[in-house]
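In: what follows is a predicted protein model with its sequence.
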Amino acid sequence: MNQNLERSKVPEVTLIFWIIKILATTLGETGGDAVSMSMDLGYAVSSFIFIGIFVVAVAAQMLAKRFNPFLYWLVVVATTTAGTTMADFADRSLGIGYPGGASLLFVLLMASLAIWYWSAGSISVDTVSTPRIEMFYWVAILFSQTLGTALGDWMADTNGLGYEGGALVFAAGLVLIAVAYFFSSISRTLLFWAAFILTRPLGATLGDLLDKPLDNGGLSFSRFYASAILAGIIIACVALLPQRAGTHPNARRESRSNNALTS
C-alpha cells in the first residue's frame, strides 16, 4: 500500500493532543487580543492578518510529505488566533451580538462538515491523508475554533459567570464527553468534534482570565507576556512529548488482515 495512505498527516488523538490543544487555544485568545486590542489594529485588520498566516501555514502543511508536529500545531495556533479575531468581528463589529455570531458560526461549521461528509462519506480525522480531505479538515477546524471563541465570550460576558465560571462550565462539558467516550457507544467521531469545539471556549475563557483587567475578573497579565509564555510551553510540549501520526483506517484493516494470514 502507498505509504501516504497508511499514515495521516494529523496526530493521534491522545491525552497529549488535548493538552496541547487547550494550550494552543489559550494562546489563540491572548495572541489574537494582543494584535486586535493591544496593538489597536481592530478586528477586521487583525482577522485579515491571521487568515493570511493561516493560509500560508495550511499550504505548508498540505505540501509536507508526512506528519510534522511543529507544523501541525503551527496551523492549529493560526486557526485559534484567526478564530479569536473573526469571532470578535462577527459578535461586535457586525452588530449581531453573541447569539447571532454563535448561530452564524454554528451554521458554517455544520455546512462545512456536511459538505465534507457528502464528498468523502466520513468526517473522521483518521481519514485525513489526502490533500482534498485535508482541506475539508482545516476549514472545519477554522470554523470550530471561531465558534468556540464566540461561545466562550458569550458564556463569560453575557451569562454573568465570569471567566472562572465559564472555564468551569466548559471543563465540566469536556469531562462529560470523556465519560461518554469511555462508558458509552456514542460515535467517536461525534465526540471528537464536540470536544474539539468545547476546548476552544475553555481556552478562550482561560486566556481572558489571564489578560483581562482585575476589575473585570481577570489577572491583568500583559497579553504579549502571556502569549510568549504559552508559546514557550507549547514548543516544549511538542518537542518533548511523543506524538505520532494517526493511522488511516485502510492501513488498520490491512494490518489486521496480514495478522490473520500469519497467525
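Out: In hand now; what should we look at?

In: element containing the residue nearest to the spatial centre of the chain, please.
Out: Closest to where the C-alpha atoms of the chain average out (Cα atoms, centre = their mean) is Gln145, at 4.9 Å. For Gln145, the host element (DSSP states H and E) is helix 131-153.

In: contact partners for the residue lying closest to Glu29 once chain neighbours are set aside?
Out: Spatial nearest neighbour of Glu29, chain neighbours left out: Gly207 (2.7 Å); criterion: Cβ to Cβ, 6 or more residues apart in numbering. Every C-beta, even on glycine, is put in place using the N, C-alpha and C of the backbone. By Cβ atoms under 8 Å, 6 or more residues apart in numbering, Gly207 lies in contact with Thr25, Thr26, Leu27, Gly28, Glu29, Thr30, Asp33, Ala226.

In: in TSV: the residues you listed, plus distance to Phe182 and neighbour count.
Out: Below are the contacts of Gly207 laid out as TSV (distance: Cβ to Cβ, whole Å; neighbours: other Cβ atoms under 10 Å):
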residue	distance to Phe182	neighbour count
Thr25	23	31
Thr26	25	27
Leu27	29	26
Gly28	28	30
Glu29	29	33
Thr30	32	30
Asp33	35	25
Ala226	33	23
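
In: looking at the residues you listed, which is nearest Ser129?
Out: For those, the closest approach to Ser129 (Cβ to Cβ) belongs to Thr25, at 24.9 Å.

In: thought that closest one was touching Thr205?
Out: No - if you go by Cβ atoms under 8 Å, Thr25 and Thr205 don't touch, sitting 9.9 Å apart.

In: tally up the residues packed near Val179, please.
Out: Neighbourhood size, Val179 [other Cβ atoms under 10 Å]: 10.

In: any idea which helix or strand carries the closest residue to the residue nearest to the centre of the chain other than its chain neighbours?
Out: Computed as Cβ to Cβ, 6+ apart, the closest residue to Gln145 that is not its neighbour in sequence is Gly83, at 3.4 Å. Per DSSP H and E: Gly83 is located in helix 69-88.

In: now do that helix and helix 131-153, the angle between them.
Out: 50 degrees (axes from the mean of the first three to the mean of the last three Cα atoms, to 10 degrees).

In: going forward can the numbers begin at 31, since that is how I track them
Out: Okay, residue one is now 31; in that scheme the one you just asked about reads as helix 99-118.

In: list the buried residues in helix 99-118.
Out: For helix 99-118, a neighbour-count test (16 or more other Cβ atoms under 10 Å) marks 99, 101-118 as buried.

In: low-confidence ranges in this structure?
Out: Low-confidence segments of the chain (pLDDT under 70): 31-37, 186-193, 246-247, 278-293.
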